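**Student:** can't give you the sequence, but here's the structure:
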């Protein structure tokens, strides 16, 4: 079917990488002038707009690249993530029996909304609020003073593990290489009214993360990336304690997450072009590079890198919006469900386009409209990217 071919193309099923690049520029590939100019225009326009809804030069938070914050700030972020992992889950256990800690609360919310907030009109807005909620939890519950940094993929596209994101004091590297469990994988997406299967590419690992603060880090919910749907545990809500796994797919970085593609994304002349450039060459490939838990469509927040990954997606959107805040802040495209496919709970509902007035669900009774997640400097948020 046509939808299957679209998803399969996005997944780049034929790409296989079993060797790890080990050399390269540790400071990264220099930022091109064209990207700098687009970024500078965004920053200038955001600063010129401050003063709305209590967001000022004094109160605005600055999100930076993980590679540009100092060692103490990186260590404090890791500490705060582990602090949330040590706090008990608050989600109703009748809804998610496997939820153990506060990180699982976020994973549950993501699982519960996956087929509505991916490849849809709410994707960017929903995830902007979701990442902000994690930032607030880190600050308010665990004493973290900073923001959620972003994973600056283009800077290290040719040698991705040279980024400090993957060093032993940050998030660690690939999973253990498993000769019989590194892919490719055939998986079936649960919760849709049609039977949709896609292929995950083979990678360079497959097993438990072996180094850094998240070596053998225990997760519980999921996976949903399985060849067949289990009707007794369709979305992976049941307890399943196991280690965090990765399966790096290097072509996803070297061939896609480049400065050239970053410029195409933020320099797009219209929102539809921006959205599909971002989705096909960046969002999917970012998850695909991580593999295993970080690639699982539903439970990808199990990998703590998820929030840096989505801070970067949010940054690309912010830079695009910031070229003309008046015309672009509330631009929208897309259906109300994943590719417009009906959910299995409402199989006869025809596809329909999302609007900025649509209600989203971000858990714990919080139901903002899509338009509430579109601005960066009002509607309860106050931040920008440098």
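**Tutor:** Structure received. Note that this is a predicted model, so its numbers are computed, not measured.
**Student:** Near residue 234, how many other residues are there?
**Tutor:** The number of residues packed near residue 234 is 15, by other CB atoms under 10 Å. In this view, the C-beta of every residue, glycine as well, is placed from N, C-alpha and C.
**Student:** Residue for residue, what is the longest helix the protein has?
**Tutor:** Ranked by residue count under DSSP state H, the longest helix found in the chain is helix 123-142.
**Student:** Who are the packing partners of that helix?
**Tutor:** helix 71-85, helix 102-113, helix 306-321 (3 or more CB pairs under 8 Å, 6 or more residues apart in numbering; DSSP states H and E).
**Student:** Would you format those helices as a markdown table with mean neighbour count, mean pLDDT and distance to residue 38 included?
**Tutor:** Formatted as a markdown table, the helices and strands packed on helix 123-142 follow (neighbours: other CB atoms under 10 Å; pLDDT from 0 to 100; distance: least, CB to CB, whole Å):
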| stretch | mean neighbour count | mean pLDDT | distance to residue 38 |
| --- | --- | --- | --- |
| helix 71-85 | 17 | 98 | 26 |
| helix 102-113 | 24 | 98 | 30 |
| helix 306-321 | 24 | 98 | 6 |
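**Student:** Nearest to residue 235 among those would be which one?
**Tutor:** helix 102-113 (5.2 Å; CB to CB).
**Student:** Nearest to the middle of the chain, which residue? Look it up for me.
**Tutor:** Against the mean C-alpha coordinate of the chain, by CA atoms, centre = their mean, the closest residue is residue 310 at 3.5 Å.
**Student:** quick one: contacts for that residue?
**Tutor:** With contact taken as CB atoms under 8 Å, 6 or more residues apart in numbering, residue 310 is in contact with 127, 130, 131.
**Student:** Was I right to think the first one contacts residue 312?
**Tutor:** What it means is residue 127. No - assessed by CB atoms under 8 Å, residue 127 is found out of contact with residue 312, at 11.1 Å.
**Student:** all strands in the chain, in order from the N-terminus.
**Tutor:** Listed in chain order, the strands of the chain (DSSP state E) span 61-63, 175-177, 185-188, 197-200, 206-209, 218-219, 242-243, 383-385.
**Student:** how about a markdown table for those strands, with mean pLDDT and mean neighbour count added?
**Tutor:** As requested, these are exported to a markdown table (pLDDT from 0 to 100; neighbours: other CB atoms under 10 Å):
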| stretch | mean pLDDT | mean neighbour count |
| --- | --- | --- |
| strand 61-63 | 98 | 17 |
| strand 175-177 | 98 | 19 |
| strand 185-188 | 97 | 18 |
| strand 197-200 | 95 | 18 |
| strand 206-209 | 98 | 20 |
| strand 218-219 | 98 | 19 |
| strand 242-243 | 98 | 16 |
| strand 383-385 | 98 | 22 |
